[in-house]
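Colleague: Just need the structure, nothing else, for what follows:
(one chain, ligands or ions: 1)
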Amino acid sequence: MGKSDMQHEPLLACVGLDRHLVARCATPGCERTAPCDPTHWVAQGLGGLPLRVFSERMRCVCGGRRAQLTVASGPLPNQSGGDVYVFR
Ligand SMILES: [Zn+2]
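Modeller: Reported below is the predicted structural model:
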């Protein structure tokens with residue numbers, strides 16, 4: 001499954017013990033990325049929404065208000081957030 005296809009997958013299909021989310025700032029020229037912990041969204045009952053809708057809920061220290069979420073292999077690192085973080 002390609003990265004673009006994942007944007008249409010429900011959030012809950014993109015997280016698990018063997019995978020985690022990485023947020024990449026969408027601002028041109030900004031290369032910042034950070035692991036993203038979706039626990040807050042799942043607790044709100046949003047796990048069935050497609051991954052792409054969460055792009056608008058991210059912020060970056062560069063002032064960016066959008067980040068693409070991608071799926072990486074392996075468990076979520078202990079330190080999530082950072083330069084690109086969940087805004088709401
Ligand atoms: Zn940025």
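
Colleague: CA only for contacts and neighbour counts going forward, please
Modeller: OK.

Colleague: ok, D5 - how many residues close by?
Modeller: Using other C-alpha atoms under 10 Å, D5 is surrounded by 10 other residues.

Colleague: Next: A23.
Modeller: Counted with other C-alpha under 10 Å, A23 comes out at 28.

Colleague: ok, now A13?
Modeller: Residues near A13, counting by other C-alpha under 10 Å, number 14.

Colleague: confidence score at Q79?
Modeller: Looking at Q79, its pLDDT is 84.

Colleague: sec struct for the residue of the chain most remote from its centre, please.
Modeller: Distance to the chain centre peaks in the chain at G29, reaching 18.9 Å (criterion: C-alpha atoms, centre = their mean). Here G29 is recorded as coil under DSSP: H, G, I helix; E, B strand; the rest coil.

Colleague: separation between it and Q44?
Modeller: 33 Å (C-alpha to C-alpha, to the nearest Å).

Colleague: In terms of helix, strand or coil, where does the residue nearest to the spatial centre of the chain fall?
Modeller: A centroid search over the chain (C-alpha atoms, centre = their mean) returns L69, at 3.6 Å, as the residue closest to the centre. Three-state call for L69 (three-state DSSP): strand.
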